[in-house]
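Visitor: here's my sequence, what's the structure:
(one chain, ligands or ions: 1)
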Amino acid sequence: MKCSACGKYTLKGTCGVCGKSTVMALPPRYSPIDRFQKYRLKERL
Ligand SMILES: [Zn+2]
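Guide: Numbers count the residues shown, from 1 in each chain. Below is the predicted model:
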């Protein structure tokens with residue numbers, strides 16, 4: 001699950017940061033840019 005407001009990933013139905021309801025972590029459209037950023041983030045970790 002992912003918060004649509006702040007983008008925080010969580011397993012709960014509501015965001016633990018802002019308290020908004022979360023959505024399925026599968027975006028309707030997968031942005032190549034977003035994917036690239038996540039890939040670089042993993043490399044750094
Ligand atoms: Zn949030």
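Visitor: host element of residue 36?
Guide: helix 32-44 (DSSP states H and E).
Visitor: for residue 15, give its distance to residue 43.
Guide: 27 Å (C-beta to C-beta, to the nearest Å). The way it works is simple: take the backbone N, C-alpha and C, and place the C-beta from them, glycine included.
Visitor: just the CA trace of the lowest-mean-pLDDT helix or strand in the chain, in PDB.
Guide: Taking mean pLDDT, DSSP states H and E as the measure, the helix or strand of the chain with the lowest value is helix 32-44, at a mean of 71. This file holds the C-alpha atoms of helix 32-44, laid out as PDB (Å, rounded to 0.1, in the frame of the first residue of the first chain):
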ATOM      1  CA  PRO A  32      10.000   5.700 -16.400                       C
ATOM      2  CA  ILE A  33      11.400   8.600 -14.400                       C
ATOM      3  CA  ASP A  34      10.000   7.300 -11.100                       C
ATOM      4  CA  ARG A  35      11.300   3.900 -11.800                       C
ATOM      5  CA  PHE A  36      14.800   5.300 -12.500                       C
ATOM      6  CA  GLN A  37      14.800   7.200  -9.300                       C
ATOM      7  CA  LYS A  38      13.800   4.200  -7.300                       C
ATOM      8  CA  TYR A  39      16.600   2.200  -9.000                       C
ATOM      9  CA  ARG A  40      19.200   4.700  -8.100                       C
ATOM     10  CA  LEU A  41      17.800   4.900  -4.500                       C
ATOM     11  CA  LYS A  42      18.400   1.100  -4.200                       C
ATOM     12  CA  GLU A  43      21.900   1.400  -5.600                       C
ATOM     13  CA  ARG A  44      22.700   3.900  -2.900                       C
END
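Visitor: perfect, I'm done here.
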